[in-house]
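Novice: Predicted model and sequence below, questions to follow.
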Amino acid sequence: MLGWRKKVEMPRPEEALPGRAQPMPVLDRHAVTSRPIAPPYPEGLEIAMFGLGCFWGAERVFWKAPGVWTTAVGYAGGFTPNPTYEEVCTGRTGHNEVVRVVFDPKLVGYETLLARFWESHDPTQGMRQGNDVGTQYRSGIYVATPEQRRLAEASRDAYQRVLERAGYGRITTEILDAPEFYFAEDYHQQYLAKNPFGYCGLGGTGLACPVGLGAADTAEKR
């Protein structure tokens, strides 16, 4: 039980694994789009970052979205610099498994990506997603701008009302300024494209998230 408890409790900075100065080597080519996964990105594109459980399935959710230019998986929100997957799995780095989404705002709005985020997992489960248990599976939105934060918080409030009407509890999603993103190992990148029958533990609630600038007000009136 002690090991299980450690995996669902964020470590203190002084308890975190030391990590390393060297970044993870990246094979900078997306297995689906053949575009680069590392910056610099073309001018005019924007970046979003989400954690919604195992990043294998999370990345597939977004690379399929129209208007998304490229995606990559990695680790964020913890203390250990340049962690490995094995280190993140111990629960002693504090990192979340995240997907970085590079998108063209002229083709897809951030709100549409938020709706995809909410509808692709159950954001009420705390440090888990289904059978995947640990701090690395927590729900999180990591915002790059004040406008992203405003839209993220509005969508959370709107979706909370939808969930409550269906009998779900409180959303546990953390909404934070985007922390440093560390690329995951190459074999994790676009994993489900390379392994079409690979594991995906994501499961949504089946409830649609209101989308649009007036989403919060619309949900309130329903």
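Specialist: Arrived safely, thanks for sending.

Novice: and the top helix by length along the chain, what does it pack onto?
Specialist: Secondary structure assigned by DSSP state H gives helix 146-165 as the longest helix of the chain. On a contact count with 3 or more C-beta pairs under 8 Å, 6 or more residues apart in numbering; DSSP states H and E, helix 146-165 meets helix 110-119, strand 139-143, strand 174-177, helix 215-221. Placement of C-beta: from N, CA and C, glycine included.

Novice: dump the residue contacts of residue 122.
Specialist: 129-130, 168, 203-205 (C-beta atoms under 8 Å, 6 or more residues apart in numbering).

Novice: how much space between it and residue 87?
Specialist: 26 Å (C-beta to C-beta, to the nearest Å).

Novice: Where does the prediction get shaky in the protein?
Specialist: 1-6, 212-222 (pLDDT under 70).

Novice: nearest residue to residue 168 other than its sequence neighbours?
Specialist: Spatial nearest neighbour of residue 168, chain neighbours left out: residue 124 (5.2 Å); criterion: C-beta to C-beta, 6 or more residues apart in numbering.

Novice: whoops, I mixed them up, residue 130
Specialist: Excluding the flanking residues, the one nearest residue 130 by C-beta to C-beta, 6+ apart is residue 201, at 4.9 Å.

Novice: The one you found is in what secondary structure piece?
Specialist: Using DSSP states H and E, residue 201 falls within no helix or strand.

Novice: And for it, the neighbour number?
Specialist: For residue 201, the neighbour count with other C-beta atoms under 10 Å is 16.

Novice: and what of residue 92?
Specialist: Around residue 92 there are 19 residues (other C-beta under 10 Å).

Novice: got it, and residue 118?
Specialist: Other residues close to residue 118 by other C-beta under 10 Å number 30.

Novice: what about dumping the CA coordinates of stretch 180-188 to PDB?
Specialist: Only the C-alpha atoms of stretch 180-188 are listed here, as PDB (Å, rounded to 0.1, in the frame of the first residue of the first chain):
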ATOM      1  CA  GLU A 180       9.000  23.100 -19.200                       C
ATOM      2  CA  PHE A 181       8.300  20.300 -21.600                       C
ATOM      3  CA  TYR A 182      10.700  17.400 -21.800                       C
ATOM      4  CA  PHE A 183      10.400  15.100 -24.800                       C
ATOM      5  CA  ALA A 184       9.600  11.500 -24.100                       C
ATOM      6  CA  GLU A 185      11.700   8.700 -25.600                       C
ATOM      7  CA  ASP A 186      11.300   8.100 -29.400                       C
ATOM      8  CA  TYR A 187       9.400   4.900 -29.000                       C
ATOM      9  CA  HIS A 188       6.600   6.700 -27.200                       C
END
